[in-house]
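Asks: Based on what follows, work out the 3D shape:
(chains A and B)
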2 protein chains.
Amino acid sequence: MADPGASLPTTGLELRSTVTDDGLVTLAVRETGVAAPGDDEVVVRVEAAPINPSDLGMLFAGADLGTATAVDGALPAVSATLSPTALAAQAGRLGKSMPTGNEGGGTVIAAGGSDAAQALLGKVVGFLSGNAYGQYRTLNLASCLPMADGTDPTDAAAAFVNPLTALGMVETMRSEGHSALVHTVGASNLGLMLNRICLDDGVGLVNIVRKPEHVEQLRRAGAIHVVDSSANTFGGDLVEALRATGATIAFDAIGGGDLASTLLSCMEQVAGEGEEFSRYGSNTHKQVYIYGGLDRGPTTLRRDFGMSWSIGGWLLTPFLMQLGPEGTNRLRQRVADEITTTFASSYGTRLSLVEAVDPDHVRRYGRMATGDKALVTPHK
Amino acid sequence: MADPGASLPTTGLELRSTVTDDGLVTLAVRETGVAAPGDDEVVVRVEAAPINPSDLGMLFAGADLGTATAVDGALPAVSATLSPTALAAQAGRLGKSMPTGNEGGGTVIAAGGSDAAQALLGKVVGFLSGNAYGQYRTLNLASCLPMADGTDPTDAAAAFVNPLTALGMVETMRSEGHSALVHTVGASNLGLMLNRICLDDGVGLVNIVRKPEHVEQLRRAGAIHVVDSSANTFGGDLVEALRATGATIAFDAIGGGDLASTLLSCMEQVAGEGEEFSRYGSNTHKQVYIYGGLDRGPTTLRRDFGMSWSIGGWLLTPFLMQLGPEGTNRLRQRVADEITTTFASSYGTRLSLVEAVDPDHVRRYGRMATGDKALVTPHK
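Replies: Purely as a prediction, here's the structure:
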């Protein structure tokens, strides 16, 4: 842990991403100043920051990572090529150097004058900032989640995106009148958190995974309903799990392809059992929320699931705004209390800032393979 | 008009549809009894009943109407072949003779003992019943909407499905916080009603049509924003109309293809103008409701419209249940008051019950071509 009494560094390294109108995105290490904290601010020495799927859009703007190439310069950088379609979607950030990294964890090494800021001095915090891939960050208190004394800063690095998303799914399920849910990337860090939440809270969960070995992994983690979408028996297995749980809402991180359609069809099949025939299908409302885009291809809906259905985007920030400050604090406190148990993350690789712009590493973490998540460690 | 004093007929003709497990659907004229009215019931001599797109599912169960063939028998009938997929979706009605025709109009020729029933004797009513393709119907009062004296029963025939759907779209738009709307079949009977409602109520409406001649038709009807999806300039025209109206909700009767995706993309383009760049897109919630399936193919969503979006099924009956009896009565009364103006329908062809099972007529009305709607006239 850093010595809170040490003098504040004046500069540090960070990762910035820039898209230019020639269709290139460049992710570069650069030096930046460390701002002195205002009254309600603290300076965090960042020890670790995960690369979540939701970070990749800002990092690489939808570029083809097969084209990733090292860029010569005083500090390391990598660039990759965007398709014209991808470039057109980035008009709003053209030529702007964007900060990267939604969240991280570290130690408070300086604090502003307010009592609340001073109380954090020396504490380990998780934070949500949008610029987490950097060595030092000056942050508002509201962005920080203080952990119990003795917490490893690395354990605090992923305290927002996955934990609050997993909790948000269960909250959304309840507030929209469903009693069980489906999650389409069961073996991801987020999926494993959601599995632990649902086991603790007694909520029915259908875990969909894409590989046989992930079935075993989830079963070892106590999961009751695990369905392998790569199996020939997928459709029947899914119907059986939906029937057993009564799940009528699903959260899908894949997005592209026909999985959402299959989910709605299988839910409708279960909903229709025992109901009188109606050419409009069952009266059971079936919901799929797409919260990620692991498959960037189009979503195909066969519409063979009646008329009581909805599919839409789900994002953490609007959800928390709707939930309000009291509810958000309740969820945050649970995360802090259970950061090494329910909300523990694991990583397949740890990368310095320099390694994070190495083309080979970029291609590896760009695949977002389940079980191979990367953690950026800016002081490594 | 029928003489209310005439003795009640004991039988009448009707159309019934049956799907059998050999993959055939048969629509047949048959004789049926006329039930004496209970206390809160009336008997209506049905003069006219429209064939709405929403009737075709019950009539032909998704069969390929190219295969329509006359069936020999004492009374006329037609049969057509279902694909195995279509047949699988009809398991709930296999071997059951189903009534047909959602709505109709006629004259009350007998009434039950209650004051409310007696008050309808001799009146022209529109009704919603699910068995409208028949000569006489014994109906609960709640299914009937009495018209002003002197109303032609034919004008009362389409008083429910299109009028309440059009009104329901505007109600849904308001209740979900939108201020203008898009409709994808602008030149349909429903579209023309919606155009008149929006002009009367000062609501912004973007009419999408599929043929140049329908642009002219809608302009003559006073429509301000008409966009032709067959034009090369469709995308730009749509964006311009969305910008002018601020429409962020659309009602789509087509369903298949990429129109819903295009609507969301164009709405997102307008929503993003002037907003700061976010990789999750704008914060403006964009909604598409699919309320029909003129194109039965899959819906393709490109998901190039940020994360604040939703697409779902919209059905009249659940909408009215959510609106409640008071709201429903308010809408019904407006329909009755404006049945020959705002809610006037027009038809391309009028068919007797026998003609309605003629294979050539079946193929024609099965196309659901805008401007060529069929009206069943059971006593013709």
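
Asks: Please count neighbours and contacts with C-alpha atoms only from this point.
Replies: Will do.

Asks: And for the lengthiest helix in chain A, what's in contact with it?
Replies: Longest helix of chain A, by residue count under DSSP state H: helix A:316-337. Helix A:316-337 is contacted by residues A:145-148, A:159-161, A:163-165, A:167-168, A:342-343 when judged by C-alpha atoms under 8 Å, 6 or more residues apart in numbering or on different chains.

Asks: just stretch A:113-127 next, same as before
Replies: With C-alpha under 8 Å, 6+ apart as the test, stretch A:113-127 has contacts from A:2-4, A:38-42, A:103-112, A:141, A:143-149, A:151-153, A:156-160.

Asks: One more pass at 7 Å, please.
Replies: Contact partners of stretch A:113-127, identified using C-alpha atoms under 7 Å, 6 or more residues apart in numbering or on different chains, comprise A:4, A:39-42, A:103-112, A:141, A:143-147, A:151, A:153, A:156-157, A:159.

Asks: Show the buried residues in those.
Replies: Buried subset of the contacts of stretch A:113-127 (neighbour count, 16 or more other C-alpha atoms under 10 Å in any protein chain shown): A:39-42, A:103-112, A:141, A:143-147, A:151, A:153, A:156-157, A:159.

Asks: What about the contacts of helix A:316-337, which are in helices?
Replies: Judged by DSSP H, these include A:161, A:163-165, A:167-168 as members of helices.

Asks: can I assume A:Ala247 sits in a helix?
Replies: No - using DSSP: H, G, I helix; E, B strand; the rest coil, the assignment for A:Ala247 is coil, not a helix.

Asks: residues near it, how many?
Replies: 24 (other C-alpha atoms under 10 Å in any protein chain shown).

Asks: mind checking how far it is from A:Phe305?
Replies: The gap separating A:Ala247 from A:Phe305 is 15 Å, by C-alpha to C-alpha, to the nearest Å.

Asks: Check A:Arg137 too.
Replies: Taking C-alpha to C-alpha as the measure, A:Arg137 falls 49 Å from A:Phe305.

Asks: again with A:Val226
Replies: Relative to A:Phe305, and taking C-alpha to C-alpha, A:Val226 is found at 23 Å.

Asks: Also A:Pro318?
Replies: Counting by C-alpha to C-alpha, the gap from A:Pro318 to A:Phe305 is 28 Å.

Asks: what about the two, which has more around it?
Replies: Legend: neighbour count by other C-alpha under 10 Å for A:Pro318 and A:Phe305, higher for A:Phe305 (25 against 12).

Asks: so what's that one up against?
Replies: If you count contacts by C-alpha under 7 Å, 6+ apart, A:Phe305 has them with A:264-265, A:268, A:281.

Asks: and of the residues you listed, the nearest to B:Cys198?
Replies: A:Gly281 (30.7 Å; C-alpha to C-alpha).

Asks: Got phi/psi on the closest one?
Replies: Phi and psi for A:Gly281, reported as degrees, to the nearest 10, are phi 80, psi -170.

Asks: so who does it touch?
Replies: Residues in contact with A:Gly281 (C-alpha under 7 Å, 6+ apart) are A:305-307.

Asks: hmm, 10 Å instead?
Replies: Residues near A:Gly281 by C-alpha atoms under 10 Å, 6 or more residues apart in numbering or on different chains: A:268-269, A:271-272, A:275, A:304-308, B:89.

Asks: before we move on, the earlier item: strands paired with the following helix or strand past the longest helix of chain A, and their directions?
Replies: For helix A:316-337, the following helix or strand on the C-terminal side (DSSP states H and E) is strand A:349-351. Partner strands and pairing direction for strand A:349-351 (DSSP bridges) are strand A:374-376 (parallel).

Asks: for A:Glu216, helix, strand, or coil?
Replies: What three-state DSSP gives for A:Glu216 is helix.

Asks: Tell me how many other residues crowd it.
Replies: Neighbour tally, A:Glu216, other C-alpha under 10 Å: 14.

Asks: about what we covered before: in strands, which of the buried ones among the contacts of stretch A:113-127 appear?
Replies: Taking DSSP state E, the ones among the buried ones among the contacts of stretch A:113-127 that sit in strands are A:41-42, A:103-111, A:144-146.

Asks: For those residues, please prepare JSON lines with the additional fields distance to A:Arg196 and pLDDT.
Replies: Putting these into JSON lines (distance: C-alpha to C-alpha, whole Å; pLDDT from 0 to 100) gives the following:
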{"residue": "A:Glu41", "distance to A:Arg196": "34", "pLDDT": "98"}
{"residue": "A:Val42", "distance to A:Arg196": "32", "pLDDT": "98"}
{"residue": "A:Glu103", "distance to A:Arg196": "22", "pLDDT": "98"}
{"residue": "A:Gly104", "distance to A:Arg196": "22", "pLDDT": "98"}
{"residue": "A:Gly105", "distance to A:Arg196": "22", "pLDDT": "98"}
{"residue": "A:Gly106", "distance to A:Arg196": "25", "pLDDT": "98"}
{"residue": "A:Thr107", "distance to A:Arg196": "27", "pLDDT": "98"}
{"residue": "A:Val108", "distance to A:Arg196": "30", "pLDDT": "98"}
{"residue": "A:Ile109", "distance to A:Arg196": "33", "pLDDT": "97"}
{"residue": "A:Ala110", "distance to A:Arg196": "35", "pLDDT": "97"}
{"residue": "A:Ala111", "distance to A:Arg196": "35", "pLDDT": "97"}
{"residue": "A:Cys144", "distance to A:Arg196": "24", "pLDDT": "97"}
{"residue": "A:Leu145", "distance to A:Arg196": "21", "pLDDT": "97"}
{"residue": "A:Pro146", "distance to A:Arg196": "22", "pLDDT": "97"}
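
Asks: Let me know the closest of these to chain B.
Replies: Nearest to chain B among those is A:Glu103, at 15.9 Å by C-alpha to the nearest C-alpha.
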